[in-house]
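S.K.: Coordinates only, no sequence provided:
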């Protein structure tokens, strides 16, 4: 797949670049695989803090409330039974519950390739020759975004080859702009973005990172 290279103002340059078919044009996009990987990432982020006590952890209730027979009332062994007010909780949430879902590296990468292929086929992947912000001001970045965004609601993901301090600083105040490193793609960020702006020098980093162990 051959694409034009643009400058940061959205104008075409004389250059073009070829995107790897193994990343941006795979044979079959698998939505069910993308769904599985996205669910796994969200599950792995969960931090269970709610924790109820069982009848063995609630304080008190060591003595039998009343004798077993002869009172005419139901038999009970402890006032901390789940049947009693103030007693333990049956099948309540526990902080030691494990929500982690294991995802193989090959599956995770195939999910990333599926999203990148889908965005490329929709024409939502653009390659930039360079991205320069002299002062790292949000106003500078907004002027550039106006050339790319179809509206204020369009979400842009800017992919860079290395950490860009000025770009990170300028994008902090913009809810519809995120910056990602080429060697550390997050599938959830790819799904979040409406358009990808990839710097030219980030393409070799993407290929080197994600095709290095391809079988």
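M.R.: Received it, and whenever you're ready, just let me know what you need. Computed from a predicted model, the values in this text were never measured in an experiment. Numbers count the residues shown, from 1 in each chain.
S.K.: Which parts of the chain belong to which domain?
M.R.: If you go by automatic domain parsing, the domain ranges for the chain are 2-46+104-210, 49-98.
S.K.: Least confident of the ones you listed, on average?
M.R.: For the domains of the chain, mean pLDDT drops lowest on domain 2-46+104-210, to a mean of 88.
S.K.: since we're on the residue lying closest to residue 30 once chain neighbours are set aside, how many residues are nearby?
M.R.: Residue nearest to residue 30 in three dimensions, not counting chain neighbours: residue 114, with 5.6 Å by CB to CB, 6 or more residues apart in numbering. C-betas here are computed from N, CA, C, even on glycine. By other CB atoms under 10 Å, 21 other residues sit near residue 114.
S.K.: Phi first, then psi, for residue 114.
M.R.: Main-chain dihedrals, residue 114, degrees, to the nearest 10: phi -60, psi -40.
S.K.: That one reaches residue 26, doesn't it?
M.R.: Yes - counting by CB atoms under 8 Å, residue 26 is a contact partner of residue 114 at 6.8 Å.
S.K.: From residue 13, how far out is the closest residue to residue 178 other than its chain neighbours?
M.R.: With CB to CB, 6+ apart as the criterion, residue 178 has its nearest non-adjacent residue at 5.3 Å, and that residue is residue 157. For residue 157, the distance to residue 13 (CB to CB, to the nearest Å) stands at 21 Å.
S.K.: try residue 2
M.R.: Note on residue 2: its distance to residue 13, by CB to CB, is 14 Å.
S.K.: of these two, who's got more company?
M.R.: The residue with more neighbours, out of residue 2 and residue 13, is residue 13; 13 against 7, by other CB under 10 Å.
S.K.: any idea which helix or strand carries that one?
M.R.: According to DSSP states H and E, residue 13 maps onto strand 12-18.
S.K.: what's in contact with that strand?
M.R.: By CB atoms under 8 Å, 6 or more residues apart in numbering, the residues outside strand 12-18 that reach it are 1-7, 127, 129, 200, 203.
S.K.: Between all of those, which two are at the greatest distance?
M.R.: Using CB to CB, the contacts of strand 12-18 span at most 20.5 Å, a distance reached by 1 and 7.
S.K.: For the protein, list the residue farthest from the centre, please.
M.R.: residue 70 (62.5 Å; CA atoms, centre = their mean).
S.K.: quick one: secondary structure of it?
M.R.: Taken by DSSP: H, G, I helix; E, B strand; the rest coil, the conformation at residue 70 corresponds to coil.
S.K.: returning to that earlier point: just the buried subset of the contacts of strand 12-18, please.
M.R.: With burial judged by 16 or more other CB atoms under 10 Å, the buried subset of these is 3, 5-6, 127, 200, 203.
S.K.: Any chance of those in TSV with distance to residue 74 and secondary structure as columns?
M.R.: Below are these laid out as TSV (distance: CB to CB, whole Å; DSSP: H, G, I helix; E, B strand; the rest coil):
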residue	distance to residue 74	secondary structure
3	76	strand
5	80	strand
6	78	strand
127	75	strand
200	77	helix
203	73	helix
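S.K.: What residues of stretch 161-179 count as buried?
M.R.: Under 16+ other CB under 10 Å, the buried positions of stretch 161-179 are 161, 164, 166-167, 170-171, 176-179.
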